[in-house]
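Asker: Provided below are the primary sequence and the corresponding predicted coordinates.
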Amino acid sequence: MKFRFNYLLLTLLVLATLSACKQEPIATCDDGIQNGDETAVDCGGTCNACPPAERYAIFAVTNSSDGSGFLVPFDELPSGEVDINDHIASGIQLASTRFAGISHNGAVYAPNNPFGDPGVQKFVYDEITGSMKEAGFIPNGALSNASGKIFGFASATKGYYTNHELNTKAIQVFDTESMTRTGEIDCSAAIDEIIAQMASYNADSIATTSIGGFMLERDGKVFTQVFFTDGAGNEVVDSTFVAVIDVATDKLDKIIQWDDFLRVGYYSCINCNYATLGDDNNIYLASFIGNFTDPEGPNYRAIRIKSGETEFDTSWDINGQRDFPNGETFALGSQVKDGKMYVKMFDVTVDATFAAAREKRYYAYEIDLASKTPRIIDGIPAAYWKSIHGPAIYSNEGDGGDGKVYFVVEVADDNNPDDPEHGKLYYYSYDPISGTSKLETTILNGQSQNIVKF
Amino acid sequence: MAKNYSLALAFLLICSSLFGQVSLSGTVADEAGTPLEGVVVLLKPSKLGAISDKGGNFKIEKVPYGKYKLEVSHIGFGKESMNLELNQANPPALSIRMKALDTELDQVVITGKSNEQLQREQPIKIEVISVDQVMEQSTSLPELINQTSGVKVRQSSGIGSQTTININGLQGNAVRFFKDGIPTDYLGYAFNIGLVPTGSIKNVEIYKGVLPIDLGADALGGAINIITTGKDKQYLDASYEIGSFNTHLVNVNSNFIIPNTKLHVGVSGYYTHSDNDYDFDLDITDFNGNVQTHRINRFHDAITGRFVELNAGVHDTKWADLLDIKLSYFSLDNQVQHGIRITQPFGGVSQSETNQILSLTYNKTIRSRLSISLFGAYSQRVGIDQDLSDSLYNWFGEPTQATASGEFQIRDQRIDRENQVFRAALRYELSDNFNLKVSSTFNSSEQVGEDPYGQINIVTGKQPITIPSTYAKMISGIGLGSSFFSDKLKGETFAKHYMLETEAANFWGEDETQALSHRSLGWGQSFKFAFDEFTYARVSYENATRVPESSEYFGDNLFVLPNSTLEPETSDNINLGFATNLNKKNTLSLEINAYYRDTKNFIRVFPLGLINSINRNSDTQITKGIEANFKVQPSETSSISVAITYQDLRRTETTGADRGLEGSRTPNVPYFFTNLSARKSFNNPLALPLKLNVYGNYLFTEQYYFIASSKLLDPPLFGPSASAITSLIPRQHQVNMGLSCILEAVPLSLNFEAINVLNSILYDDFRIPKPFRNFRFKITYRL
């Protein structure tokens, strides 16, 4: 009987322990280990939702003739040889892949839907199917020649974009969760005021105004360009106008002016990194292709809006033709880190004939911002001008990342069909701390742009 | 099978003429003297022949002097033949009596063959559509062609819209168009098959694979030759058609022979109009991001085409079998609803064209051995393209936002084009077994334009559109036709020379123009072996070159951009064919053709951005295809035919970033499609003085991509519908039905046709929706 009692006691003890264990998960959401019904360490299940898993994606053009291709996901930063064909089963086919997208808050946003229609297209990674899927689309209007058509993000769930069919003097607001338009920031009063000021000379030739080209958020303000164009699509005033919008109130603060026209961001190439936020919190804006008939040169410039300010820094700009020893030009805007700017440039001036741009002289550069001195980065080969994308930094040291600058490099000679380099695209990294460069990834069977981390 | 001829003629007169040609006519009747309709009368070894009409009458035109074997055949009457010699200008009419077969005898019934059937049996694969036999139908020309195996016509939208014909896997400019054997470049839009009414057409010949040198063309393996009614006969056809979407087609086709002369004059013309305002369903994401399916009405797609042609000439004279001068005028007004895709509607983009054409045809056969054919044409074409709307439009036809830069590219463009075409063709009968053919076609065009908004070459500072562009092409060929074993084995051997000189305006760079020059040779060989009257096998090979058209170099100044660096395409084409009857009565027949093409430098029209497109050389395309045609004729008044085509078009030898497309299907080309046609005639139903024809056809097209996709993602044939994939054109089922009523007392016929009876969702290139169910009514007067 004693034995029986002891046995019963033991059973009750075990049951009590088990039932106590069942109640445990709520109490362990901060224990630093994945337990209970958590889907990751201390998150998911009955704990708070997990932050988005870190993934990478590549927009790869697989048909160079029409720019169609795929958006393919990766679990980690691709390295070594990566064949796009091995990943398309988890990707999504896109009619227009030439202009790649960017990431925001765990999703990828592209400037076209899979049909190729322009707008803001959201893609997410479907954990169940293990593939990319569509998650909402907001069209941004007709295919007019007006400059602009851009989107950007003001907060975790608020985005801005332009739709010239709705309003050429406004910025549209959208909700990134529901992927619906939620409002409009009317800038017409300020724009009309500028037009009125132009009346003395050439306001009559202003056929249309538009907003866009680039869109960047910093410290609660969003910056985007305002264009004043004539019927043929040329800029009427040789000035760069940038609208400054207050995110908290969704109101236009002002439109600032730089006394030389720069087409910032290369026709809304959102993945190109021509308008970036440096690690010094300065906004760097650069022009890719400018006006060759401008007596001041074709506008291969970089200008900036300093941290804490909402006006242009009129004391500073970089003009390759003026400042660099060989008049190196092209695509000045890009990543800024520790007082250095990282860009891809030709080592000579590109003039209206584009003769230099047809040669294999497209290099990775490090520019010292203080002395405005350019230096070709050793170990990254000269390339042909195919990828128009400036370099990318996927994660800084502070984020636990490698802090490296990644350059897209294409070296195949189109005039030599037998060049074994055809069909290969390289990502070279440069480590500013050690000063070393390295071939990180070779992409096969697809022309990609900057890798998107989401 | 006795014969009973009563021939009231003598053929032994000595000919004083060196260049004689005659018309041979007569009547055929049964033993009781009742006229026999549908008797096939053939003059062997020539390919001339005729079919007797309701009164038993037949007439064979333009028969060169010489010795012939006259062969007549008719279902239930068998085949008879006799020898005759023609050597006088006006031979007496023949009167032929045929005796019916004893139906109890186990006898092979021999049916006659029409000229069209004889064409079909050439060593070179030719499909012949006898358009004049279905003239009373309101079926459009693209739809008629679509009913042929191995051929797929796609239109960008409604009536008059641009058509793409795919023949055995090749399409676009790889397929050449001819009118009476002459390349149609000089005709511009006037002979667009989506616009031209069927009333003016006798036959449509579809060449698959090898092209005979008399066509003087550089097609890669496909051609459509539209044969119009000859000018040495007298006729008056008129028709009026009314259809859905405010469609009106008027067609008049006439030729009069001035009594007691060899002179003829004719007037032809057509008027085509359609609003093309058909409905379709479109998922529209509104500006707030909400998706809703809307029933959309096309609102800016009307087309009006007007064509008038006067002709005059002589025929059947000593010095000319035919000499005909034509003066034509064409004008077109066309609203443009959208670009190559339906992404963005336009409300103000338009296109117009005028064309004035002068042409001369001369044909002569000398001593029945040498045939000469000469043709020359000059045309002045003016095209105007405008995108001057001050507003953008949405799909509801509402103006949305003011624009100062047009709806996609502001333009007010005028292009002046001058075209010349000259063709000379000779055929010489070397012996009974051999003939020699020589042909040369020269085609040139010069264009210059203006556009106040035109693009400027920033280096030269000039507008490329204002710089004259020239294009000259000459295709010459020599061929030897042969026949052995009593015509059982026939062959064609030929060689071609291709010459091109072009200089086109340069849109980018220091040079104002870019010049291109090309010379190359090609050759081909074809054989046909006839096992018996109805069973034959055919094999052909051509090393073909296709020199790009001027429009491919220069673009259309609208959606297709110029590309002056285009290289000619080359292709190795092999075609195999086999045809046989499956029963003794020849009421079941089967034809199978297989083809293989290795096409290098393949030129494709690629979308460029969302609106524009451009012709570009790409890599290699390997085409393997098989088509089968099964015909059943349960009775003389009914027929059923099934055509099935499977073609595997794959891209190979890809380079660069496109290597992922190695082995992928060529997009925007259907790869599996079928057509089932059925027809039933009722003679004098309910004792009424009329004939009724009821017909229907069902077209099936398997789903296919319109964007190149990896081979790994090919949807399997008959696999589950993948219509959710936006780059896929879904599976399509189309049923059309028609009823014709041919009155006996007056030369009138009435036709009613229903298209897309099932109200299916049908698509064209780039997933552009086609109309739902729609109707046409046509009245035809034919004298």
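Answerer: Perfect, thanks for sending it.

Asker: in chain A, what residue is nearest chain B?
Answerer: residue A:207 (3.1 Å; C-beta to the nearest C-beta). For the C-beta atoms, the positions are set from N, CA and C on the backbone; glycine is no exception.

Asker: ok, now which ones touch that residue?
Answerer: A:229, A:230, A:231, B:404, B:405 (C-beta atoms under 8 Å, 6 or more residues apart in numbering or on different chains).

Asker: What values do phi and psi take at the last one?
Answerer: Translated: residue B:405. phi -120, psi 30 (degrees, to the nearest 10).

Asker: So it is in contact with residue A:208, correct?
Answerer: Yes - Residue B:405 is within contact range of residue A:208, at 6.7 Å (criterion: C-beta atoms under 8 Å).

Asker: So which of the contacts of residue A:207 are in strands?
Answerer: residue A:229 (DSSP state E).

Asker: Quick check: the farthest pair among the contacts of residue A:207?
Answerer: Spanning the widest gap among those are A:230 and B:405, at 9.0 Å by C-beta to C-beta.

Asker: More neighbours: those two, which one.
Answerer: residue B:405 (21 against 16; other C-beta atoms under 10 Å in any protein chain shown).

Asker: Give me the residue ranges of the stretch 451-600 of chain B where confidence is low.
Answerer: By pLDDT under 70, the weakly predicted segments of the stretch 451-600 of chain B are B:458, B:507-509, B:556-559.

Asker: In it, mark out all the helices, start to finish.
Answerer: All helices of the stretch 451-600 of chain B, identified by DSSP state H, counting those that start in this stretch, fall at B:550-554.

Asker: And the stretch 201-350 of chain A, by the same measure?
Answerer: A:320-323.

Asker: Run through it and note the low-pLDDT ranges.
Answerer: Ranges of the stretch 201-350 of chain A meeting pLDDT under 70: A:201-204, A:231-233, A:288-293, A:297-299, A:330-333.

Asker: was I right about residue B:333 contacting residue B:350?
Answerer: Yes - if you go by C-beta under 8 Å, residue B:333 and residue B:350 touch, sitting 7.3 Å apart.

Asker: List the contacts of whichever residue of the stretch 401-550 of chain B sits closest to chain A.
Answerer: Residue nearest to chain A within the stretch 401-550 of chain B (C-beta to the nearest C-beta): residue B:404, separated by 3.1 Å. Shown in contact with residue B:404 (C-beta under 8 Å, 6+ apart): A:207, A:208, A:230, A:231, B:390, B:410.

Asker: quick one: which two of these are the most distant?
Answerer: Those two in the contacts of residue B:404 that are separated most widely, counting by C-beta to C-beta, are A:230 and B:390, at 14.4 Å.

Asker: so who does residue 373 touch?
Answerer: All of this is about chain A. residue A:367 are the contacts of residue A:373 under C-beta under 8 Å, 6+ apart.

Asker: Chain B, not that one
Answerer: B:181, B:214, B:361, B:362, B:363, B:423, B:424, B:425, B:426, B:427.

Asker: what do you get for residue B:675?
Answerer: Applying C-beta under 8 Å, 6+ apart, the residues contacting residue B:675 are B:146, B:147, B:148, B:149, B:641, B:642, B:643, B:697, B:698, B:699, B:700.

Asker: Could you report the distance from the second one to residue A:122?
Answerer: Distance of residue B:147 to residue A:122, computed by C-beta to C-beta, to the nearest Å: 46 Å.

Asker: Please identify which of those two sits among more neighbours.
Answerer: residue A:122 (23 against 18).

Asker: Name the strands paired with the helix or strand where that one lies and say parallel or antiparallel.
Answerer: Element membership for residue A:122, per DSSP states H and E: strand A:118-126. Next to strand A:118-126 in the sheet, as set by DSSP bridges, lie strand A:107-112 (antiparallel), strand A:131-139 (antiparallel).

Asker: is it fair to say residue B:443 lies in a strand?
Answerer: Yes - according to DSSP: H, G, I helix; E, B strand; the rest coil, residue B:443 belongs to a strand.

Asker: beta partners for it?
Answerer: residue B:421, residue B:473.

Asker: before we move on, what about residue B:380?
Answerer: For residue B:380, the beta-bridge partners are residue B:356, residue B:418 (DSSP bridges).

Asker: Distance of it relative to residue B:552?
Answerer: Counting by C-beta to C-beta, the gap from residue B:380 to residue B:552 is 21 Å.

Asker: Ok, residue A:99 next?
Answerer: 27 Å.

Asker: what's the answer for residue B:647, then?
Answerer: Counting by C-beta to C-beta - residue B:647 and residue B:552 are separated by 23 Å.

Asker: ok, now residue B:368?
Answerer: 42 Å.

Asker: Same drill for those two, tell me which one is more crowded.
Answerer: Shown here are residue B:368 and residue B:552; by other C-beta under 10 Å, residue B:552 has more neighbours (22 against 19).

Asker: Surely that one and residue B:563 touch.
Answerer: Yes - in this structure residue B:552 lies within contact range of residue B:563 using C-beta under 8 Å: 7.1 Å.

Asker: and for the two, which residues touch both?
Answerer: residue B:615.

Asker: any idea what the residue positioned nearest the centre of chain B is structurally, helix, strand or coil?
Answerer: Nearest residue to the geometric centre of chain B (C-alpha atoms, centre = their mean): residue B:224, 3.5 Å. Following three-state DSSP, we place residue B:224 in the strand state.

Asker: now it: how far from chain A?
Answerer: 27 Å (C-beta to the nearest C-beta, to the nearest Å).

Asker: so what's that residue up against?
Answerer: Counting by C-beta under 8 Å, 6+ apart, the residues that residue B:224 touches are B:145, B:165, B:167, B:175, B:176, B:177, B:178, B:193, B:204, B:205, B:206, B:207.

Asker: Residue B:179 now?
Answerer: B:187, B:191, B:225, B:226, B:228.

Asker: Those into TSV, with extra columns for pLDDT and neighbour count?
Answerer: Formatted as TSV, the contacts of residue B:179 follow (pLDDT from 0 to 100; neighbours: other C-beta atoms under 10 Å in any protein chain shown):
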residue	pLDDT	neighbour count
B:187	87	24
B:191	82	20
B:225	89	25
B:226	88	23
B:228	86	17
